[in-house]
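Predicted model and sequence below, questions to follow.
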Amino acid sequence: MNLFIFPAIASFSGGYEIAVYHAYKKLKPKEEDVVIWYTNSTEIPFLREQDIVLPQASLKSIKNIKNILSGRFSKELSVNDLIFLKKYDFNNIHCDEVVFYRALRTLFPDKLINVRFHNCFSRILHRKELLNIKLDFRFWLKMKVLAMLERKIFRDKNIYKIFLSDEDRDYYKANIGNNYDSEVWSFKIDLEKMNANRKNYVLKNKIVWFGGIESHKKKSVEWFVTKVFPEIKNHYPKMEFHLYGRGTEDFNLPQKSIFGHGFYLKEDFPFSTEALYINPDLIGGGVKLKLSTYLEEGIPFISTPFGFEGYKKELRDDKYCFVEEDSNWVEKIISIFDVDLN
């Protein structure tokens with residue numbers, strides 16, 4: 001009997017959920033295995049009758065506040081949350097997110113546990129300090145707390161570490177020196193689908209951001225809105241910037257040709273054959289799974305090198321996939337549109 005505990009549903013509804021989907025498909029839980037879903041979702045794909053659903057507490061709940069005051073991540077589970085597992089003698093334990101580690105290690109002090117890192121906040125924090133990147137306080141605090149937890153897991157010799165990218169694993173190996181207790185679960189691009197969907201496109205005066213505006217992404221989008229887009233608009237006065245996803249309404253400035261549409265409820269991608277999609281990631285960390293969708297759907301996009309971590313360099317073709325340092329974005333984006341607008 002094995003234990004599998006997942007931090008979200010396994011679906012294609014978002015990057016996090018896609019990562020969980022790939023893990024679930026790879027692990028293939030058997031009938032006798034215990035599977036736990038840590039989610040508030042009312043629709044859970046692959047949910048079996050015997051599975052256990054643990055709801056996440058609200059942001060302002062006593063439980064979350066207690067975690068924060070204790071120097072822990074707000075969504076971290078406690079021993080009491082998982083105490084019911086003590087009666088089992090598991091052969092293997094797969095912990096699909098670091099927030100389950102502390103409770104599981106307390107309950108099973110001698111067991112080898114597999115822990116999967118969806119991000120490597122230690123590496124992001126190190127990069128922030130080296131490059132003097134300014135972030136909002138909430139994300140900085142989250143990063144600090146999770147980096148401390150990661151380092152605790154790094155030092156645990158009875159943990160098998162699973163990373164999403166070679167860059168994250170290389171950081172771990174460089175700091176700890178171990179080569180034998182970790183691996184990368186990379187995301188493979190469906191090259192056949194990618195090549196089939198790569199049809200000729202003609203760019204019009206449109207740039208698209210697709211995704212929610214969480215705290216760490218907000219800084220990158222603000223940078224594009226204030227530093228990059230005005231320069232592009234000076235060159236191409238009819239250029240429009242369209243944002244889709246949670247929180248994008250906050251960027252709505254129609255008078256400046258910036259349109260924050262909010263959630264996009266259709267199944268396709270807006271302006272996918274006439275717009276350049278952007279991934280202005282200024283700090284990196286983890287793998288931006290939406291880029292795999294852009295690649296497979298034949299959607300032209302530009303990313304910073306930090307945002308392209310986890311993908312093979314061979315995918316950069318300067319027609320559908322552009323990767324450019326943020327300092328060169330204005331010049332590069334103008335050159336991309338020059339092909340179709342001049």
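In hand now; what should we look at?

from here on, contacts and neighbour counts on C-alpha atoms
OK.

Give me the longest helix you can find in the chain.
The longest helix of the chain (DSSP state H) is helix 137-155.

Past it, which element shows up next along the chain?
Note on helix 137-155: by DSSP states H and E, the next helix or strand toward the C-terminus is strand 159-163.

can you give me how far the longest helix of the chain is from the chain middle?
Mean-position distance between helix 137-155 and its chain equals 16 Å (C-alpha atoms, centre = their mean, to the nearest Å).

so what does it touch, helix or strand wise?
Applying 3 or more C-alpha pairs under 8 Å, 6 or more residues apart in numbering; DSSP states H and E, one finds that helix 137-155 makes contact with helix 121-131, helix 166-176, helix 215-223.

again, only using 7 Å
helix 121-131 (3 or more C-alpha pairs under 7 Å, 6 or more residues apart in numbering; DSSP states H and E).

Quick check: phi and psi on residue 323?
phi -130, psi 120 (degrees, to the nearest 10).

Which parts of this protein are helices?
15-27, 62-69, 79-82, 101-107, 121-131, 137-155, 166-176, 191-197, 215-223, 229-235, 290-297, 329-341.

Residue 310 is nearest to which of these?
helix 166-176 (6.5 Å; C-alpha to C-alpha).

can you list the residues that contact the closest one?
120, 123, 163, 179, 184, 310 (C-alpha atoms under 7 Å, 6 or more residues apart in numbering).

Looking at those residues, which gets the smallest pLDDT?
For the contacts of helix 166-176, the weakest pLDDT value sits at residue 179, with 81.

Could you check how many residues crowd around that one?
When neighbours are counted by other C-alpha atoms under 10 Å, residue 179 registers 12.

returning to what we had before: show me the two of the contacts of helix 166-176 that sit farthest apart.
Across those, the two lying at the largest distance from each other (C-alpha to C-alpha) are 179 and 310, at 18.8 Å.

what's the distance between stretch 163-183 and the middle of its chain?
Centroid separation for stretch 163-183 versus its chain: 18 Å, with C-alpha atoms, centre = their mean.

Check the separation of the first and last residues in that stretch.
Using C-alpha to C-alpha, to the nearest Å, one end of stretch 163-183 lies 6 Å from the other.

do the same with stretch 67-79
12 Å.

what is the mean pLDDT for it?
Averaging pLDDT along stretch 67-79 gives 92.

By neighbour count, which bits of it are buried? Give me those.
67, 68, 71, 72, 73, 74, 75, 76, 77, 78, 79 (16 or more other C-alpha atoms under 10 Å).

hmm, back to that, okay, buried residues for the longest helix of the chain please.
Using 16+ other C-alpha under 10 Å as the test for burial, helix 137-155 gives 140, 142, 143, 144, 145, 146, 147, 149, 150, 151, 153, 154.

and if you look at stretch 231-248?
231-233, 239-248.

and if you look at stretch 279-292?
279-289, 291-292.

Just give me how far that stretch sits from the chain centre.
7 Å.

Please parse this protein into its domains.
Here the domain parsing of the chain from automatic domain parsing is 2-184, 191-341.

ok so, going back, with distance to residue 101 as new columns, can the contacts of helix 166-176 be given to me in JSON lines?
JSON lines is the format used below for these (distance: C-alpha to C-alpha, whole Å):
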{"residue": "120", "distance to residue 101": "15"}
{"residue": "123", "distance to residue 101": "19"}
{"residue": "163", "distance to residue 101": "15"}
{"residue": "179", "distance to residue 101": "21"}
{"residue": "184", "distance to residue 101": "19"}
{"residue": "310", "distance to residue 101": "24"}
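
Of the residues you listed, just say which sits nearest to residue 25.
residue 184 (15.6 Å).

With the flanking residues excluded, which residue is spatially nearest to that closest one?
Computed as C-alpha to C-alpha, 6 or more residues apart in numbering, the closest residue to residue 184 that is not its neighbour in sequence is residue 163, at 4.7 Å.

in the sheet, who's paired with that neighbour?
Beta-bridge partners recorded for residue 163 (DSSP bridges): residue 117, residue 184.

distance between the ends of stretch 190-206?
27 Å.

hmm, who's touching it?
Taking C-alpha under 7 Å, 6+ apart as the rule, stretch 190-206 contacts 238-241, 273-276, 295-298, 337, 340-341.

residues near the nearest residue to residue 274 once chain neighbours are set aside, how many?
In space, residue 274 comes closest to residue 203 once its chain neighbours are excluded; the distance is 4.3 Å by C-alpha to C-alpha, 6+ apart. Counted with other C-alpha under 10 Å, the neighbours of residue 203 add up to 20.

And residue 338, by the same measure?
12.

Which pLDDT value does the model give it?
92.
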